[in-house]
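Peer 1: Build me a structure from this.
(2 chains)
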Amino acid sequence: MDTIVRVEGLHKKFGRLHILRGIDITIERGEVLVIIGPSGSGKSTFLRCLNRLEDPSEGRIWIDGVDVTAPDADQPRIRRDVGMIFQHFNLFPHMSVIDNVMEGPRTVLRMPKPLAYESALDLLDKVGLKDKAGRRPSQLSGGEQQRVAIARALAMNPKIMLFDEVTSALDPELISEVLKVMKRLADEGMTMVVVTHEMSFAERVARRVIVFDHGQIVEEGHPSEIFHRAKGERTRRFLSQLTWMNSERTVSD
Amino acid sequence: MVSDNLGFLLEGLKLTVGVSVVTMMLGLIVGLAVALMRASRFRLIRTFAYLYTEIFRTLPLLVLLFWVHWSIPILVGIALTPFASAVLAFSLNVAAFQAENYRAGIASISAVQRQAGLALGMTGAQVMRRVILPQAVARVIPITGSLWIALFKDSSLASVIALHDLMYQGRVLAVTLFRPLEILTAVAIIYVILLYPQARIVNHLYRRYLPDAG
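Peer 2: As a prediction, this is how the structure comes out:
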């Protein structure tokens, strides 16, 4: 097996708050790992430790063999290979859509403009937004903005992508267009770590689901195991809430 | 009578505009440098920038002007022309205010924009240059316009160190003709005529760049 991420004994404290309490996990290349769990359970913090937007308080993380927790680790260099998609898109509002996608390759990789432009256009085509290349982010719907954000991350040609509740801020009718793009990435073999409440996505796309609670991994397994035969009482209660929430939405569609 | 001497007054206008333009350009550049120093990783640099801003924002402009014009020659042994003194004193002041404007602009760009840049693999400096500053500067444009108008008016203070600006020419004329009422009224009207359209433009900038601020 080809491991791309290895995490050992990861702890994160914010002052007296102990958010992550000893996370150990390995992620295989090409795997889609879905993380679920109640809010405040540390899912987002875990993702943000992986690309070092947060500094772990304890523990070590290797990404593609590089110890990213080493004191002399070159964070900007490491982050090139780790794409991140945020809940609120966080596009650069002062740039056009295509400039957003070109920004990483141009500024970080020093790619010549014609080359960056061509590949940005291809990526926008891939997420179905080639015709919106010249627009401003503010002129797009939330779903479109999130697809641009995915294209922007893909432009760096990352080895792994982190999705932090990327559909939570979207109107229900816009969620599926984003999930479709993510499904396609998964089918193409992208390694993805996905924090989400979208159970149908997890069931269809994830190879493995882990459940976070109080900063620890409390369940781990194939989606069908987790969703139908969860061991813990808290997990079962959380899952039934999710099912209710998801079905509410399906009805409102 | 005013129209006979309008040329003499407008002669001074050149220096009023000259001092203001040169000061504004210096103030924008130095102000940006000071604002960036306040975001520095190094405490010493931050403290220096903080002290600079606070000292030059609180020093009365007239005190600063006199101090520069009369003390620097004693300290360094070089006599400054009124123009040089005015530009130096006003620039120190404008840069301090503009540094505060930039700093507020930078602070108003949310932390998530910074994270989005970092997540792409940018360095802190690249994030500042490509993501934060372009957005911050756009937000600072209207308040910079207000600063410009204040500077344009306050440049009249330089007449007390014998800069031959609009105000100085007016004072000279008022005294030589014994007509303070007419001449000084004319001077006032010239300032208002020049500044009114500029104030309108600044209002427009506020609506354009900060529509939410009313």
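
Peer 1: Only C-alpha atoms from now on, for both contacts and neighbour counts.
Peer 2: Fine.

Peer 1: What is the burial count for residue 200?
Peer 2: No chain was given, so I picked chain A. 13 (other CA atoms under 10 Å in any protein chain shown).

Peer 1: if you could check chain B rather than the one you did, that'd help
Peer 2: Using other CA under 10 Å: residue B:200 sits among 10 other residues.

Peer 1: And what about the residue of the stretch 151-253 of chain A found nearest chain B, helix, strand or coil?
Peer 2: Closest approach between the stretch 151-253 of chain A and chain B, counting by CA to the nearest CA: residue A:153, at 6.8 Å. Secondary structure, DSSP: H, G, I helix; E, B strand; the rest coil: residue A:153 is helix.

Peer 1: can you check residue A:95 too?
Peer 2: coil.

Peer 1: Please name the nearest non-neighbouring residue to it.
Peer 2: residue A:136 (6.6 Å; CA to CA, 6 or more residues apart in numbering or on different chains).

Peer 1: Repeat that for residue B:45.
Peer 2: residue B:37 (5.9 Å).

Peer 1: Counting neighbours, what do you get for the one you found?
Peer 2: 20.

Peer 1: Tell me who's in contact with it.
Peer 2: For residue B:37, the residues meeting the contact criterion (CA atoms under 8 Å, 6 or more residues apart in numbering or on different chains) are B:45-46, B:49.

Peer 1: Please flag which of the residues you listed sit within strands.
Peer 2: Using DSSP state E to define strands, no part of those is located there.

Peer 1: The residue of chain B found nearest chain A: neighbour count?
Peer 2: Proximity of chain B to chain A (CA to the nearest CA) peaks at residue B:121, 4.4 Å away. Other residues near residue B:121 come to 27 when the count uses other CA under 10 Å.

Peer 1: got the residues of chain A near chain B?
Peer 2: Within chain A, the residues that sit near chain B (CA under 8 Å from any CA of the partner chain) are A:51, A:53, A:75-80, A:82-84, A:90-92, A:94, A:104, A:107-108, A:153, A:156.

Peer 1: Secondary structure class of residue A:53, three-state.
Peer 2: Applying three-state DSSP: residue A:53 is coil.

Peer 1: swap in residue A:26?
Peer 2: Going by three-state DSSP: residue A:26 is strand.

Peer 1: Please report the confidence value the model assigns to it.
Peer 2: At residue A:26, the model reports a pLDDT of 96.

Peer 1: buried set for stretch B:189-197?
Peer 2: B:191, B:195 (16 or more other CA atoms under 10 Å in any protein chain shown).

Peer 1: what pLDDT, on average, does it get?
Peer 2: pLDDT averaged over stretch B:189-197 gives 95.

Peer 1: what separates that stretch from the chain centre, distance-wise?
Peer 2: 18 Å (CA atoms, centre = their mean, to the nearest Å).

Peer 1: quick one: low-confidence parts of chain B?
Peer 2: For chain B, applying pLDDT under 70 flags the ranges B:1, B:211-214.

Peer 1: Helices of that one, residue ranges please.
Peer 2: Assigned by DSSP state H, the helices in chain B fall at B:6-38, B:43-58, B:61-76, B:82-108, B:111-119, B:124-127, B:133-154, B:166-177, B:180-209.
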